[in-house]
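> what's the 3D shape of this:
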Amino acid sequence: FAIGGGRPDFVADMPRPFHVPASETIDYQYFWVPNDFAADRYIQEVEVLPGERRVVHHMQVFLVEKKLRPKDVSQPLSGAWMMITLNGVGGAQARRIASYTPGDQLSARRFASDAAMLFPAGYDVVFEVHYTPIDEPADDRSSVGFVWRTDPTPPRKVIADQLFIRPRNFEIGPHEPQVRSEFEPYFKQSVVLLDIRPHMHLRGGDARVAAVFPDGREQTLVTVPAFDFNWQRRYLFREPVRLPAGSSLRFIAHWDNTRLNPNNPEPGGRVFFGEASEDEMSNLGVTYYVDEEAEAVARRKVASPVAK
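Have a look, this model is predicted:
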């Protein structure tokens with residue numbers, strides 16, 4: 001581990017090694033690690049550590065309410081129910097806290113002294129892992145490490161790491177060069193953005209993310225003119241981006257299903273949403289915190305009597 005001087009305060013390991021065969025399509029695997037913290041804790045540093053980097057395509061780590069814990073968590077889980085629980089309809093019951101992607105410089109994260117992530121009491125740790133075979137068998141047992149905030153007072157900034165997912169009702173036709181994907185997640189509260197990461201699969205062509213303010217103004221935050229599936233970075237803002245309540249993030253991307261896309265495995269195929277790299281998706285990861293000062297000002301304005 002790079003955090004905590006190599007010695008995190010707490011480490012959660014996958015329950016047992018997972019065997020990755022030499023050549024076989026593997027559904028996303030979910031590893032549930034029960035935890036029984038009786039009180040809330042704040043995370044000052046967090047790091048995802050792959051056990052066998054050669055087969056871990058990418059990985060996310062969530063905190064999930066233990067009331068959702070399956071009866072048997074000794075074996076890996078898979079299926080749409082888990083993905084929806086963590087990323088979709090039940091996303092409010094799951095908190096994404098860390099991720100690992102090749103090329104991403106933030107697999108180990110340290111927050112400023114006035115900022116931290118919340119690890120609520122009564123939440124378990126869940127790994128979501130996408131494995132890619134490498135023509136020889138391998139075993140992986142990944143881990144996540146935590147360093148706790150030592151200051152007993154809650155931090156001024158509570159960090160959230162959220163994944164926004166585009167609706168899945170799309171189709172990419174054979175040999176189509178510029179298939180547009182667009183969606184626009186909305187913030188009900190005032191927030192401060194720290195970093196952002198567009199995510200697509202092998203047919204990803206380009207991406208652009210813009211902040212849309214309540215008055216209609218638009219500010220480009222990141223452009224990726226030549227998306228590279230093998231090098232998916234999280235982009236840190238030089239200065240945090242403040243968005244007032246009612247703002248949104250407009251994510252516009254294009255998929256390239258032609259032979260001119262060097263990553264395209266089958267230009268003649270039809271492509272739909274799916275977990276495998278040969279399928280497609282269009283997601284947006286964002287790290288932010290609620291701007292409590294702006295929220296307090298807004299509450300005071302609402303509470304102030306209107307002069308007659």
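
> so, low pLDDT: which residues of the stretch 101-250 of the chain?
103-106 (pLDDT under 70).

> leaving out the residues flanking it, which one is nearest to Pro177?
Thr258 (4.9 Å; C-beta to C-beta, 6 or more residues apart in numbering). From N, CA and C alone the C-beta is placed, and that goes for glycine too.

> helix, strand or coil for Gly5?
Of the three states, Gly5 takes helix under DSSP: H, G, I helix; E, B strand; the rest coil.

> got it, and Arg299?
helix.

> returning to what we had before: doesn't the residue nearest to Pro177 lie inside a helix?
No - the assignment for Thr258 (three-state DSSP) gives coil, which keeps it out of a helix.

> just checking, it touches Pro267?
Yes - contact criterion C-beta atoms under 8 Å: Thr258 and Pro267 qualify, at 5.4 Å.

> got any residues that touch both of those two?
Taking C-beta atoms under 8 Å, 6 or more residues apart in numbering as the contact rule, Thr258 and Pro267 both touch His175.

> contacts only, for Ala108.
Phe1, Ala2, Ile3, Glu45, Val46, Glu47, Val48 are the contacts of Ala108 under C-beta under 8 Å, 6+ apart.

> equivalent analysis for Glu278, please.
His201, Leu202, Pro265, Glu266, Val271.

> which stretches of this protein form helices?
Listed from the start of the chain, the chain has helices (DSSP state H) covering 80-87, 292-303.

> worst average pLDDT in those?
Sorting the helices of the chain by mean pLDDT places helix 80-87 lowest, at a mean of 68.

> what residues are up against the nearest residue to Pro185 once chain neighbours are set aside?
Closest residue to Pro185 apart from its sequence neighbours, by C-beta to C-beta, 6+ apart: Phe164 at 4.1 Å. The neighbours of Phe164, taking C-beta under 8 Å, 6+ apart as the test, are Phe183, Pro185, Leu249, Phe251, Asn283, Leu284, Gly285, Val286.

> what's the neighbour count on Arg16?
By the criterion of other C-beta atoms under 10 Å, Arg16 has 12 neighbours.

> residues contacting Val56?
Pro50, Tyr100, Val129, His130, Tyr131, Thr132, Asp140, Ser142.

> rerun at 6 Å
Pro50 (C-beta atoms under 6 Å, 6 or more residues apart in numbering).

> now, the contacts of Glu278 that are in strands?
Val271 (DSSP state E).

> the contacts of Glu278: which two are farthest apart?
Greatest spatial distance among these (C-beta to C-beta): His201 and Glu266, at 12.4 Å.

> higher neighbour count, the two?
Between His201 and Glu266, counting by other C-beta under 10 Å, His201 is the more crowded of the two (22 against 13).

> wait, the more buried one touches Glu280, no?
Yes - using C-beta atoms under 6 Å, His201 makes contact with Glu280 at a distance of 5.0 Å.

> count the neighbours of the nearest residue to Thr132 once chain neighbours are set aside for me.
Leaving aside its sequence neighbours, Thr132 sits nearest to His57 (C-beta to C-beta, 6+ apart; 4.3 Å). Using other C-beta under 10 Å, His57 is surrounded by 18 other residues.

> repeat that for Trp148.
The burial count for Trp148: 16, using other C-beta under 10 Å.

> and if you look at Val212?
Neighbours of Val212 (other C-beta under 10 Å): 17.

> ok, the nearest residue to it once chain neighbours are set aside - contacts?
Nearest non-adjacent residue to Val212, counting by C-beta to C-beta, 6+ apart: Ser248, 4.7 Å away. Counting by C-beta under 6 Å, 6+ apart, Ser248 touches Glu184, Tyr186, Val212.

> which of the contacts of Phe164 count as buried?
When these are checked for burial by 16 or more other C-beta atoms under 10 Å, the buried set is Phe183, Leu249, Phe251, Asn283, Leu284, Gly285, Val286.

> looking at these, spot the one nearest Val64.
Nearest member of the buried ones among the contacts of Phe164 to Val64, counting by C-beta to C-beta, is Gly285, at 17.8 Å.

> is that closest one in a bridge, and if so with what?
Leu163, Arg197 (DSSP bridges).
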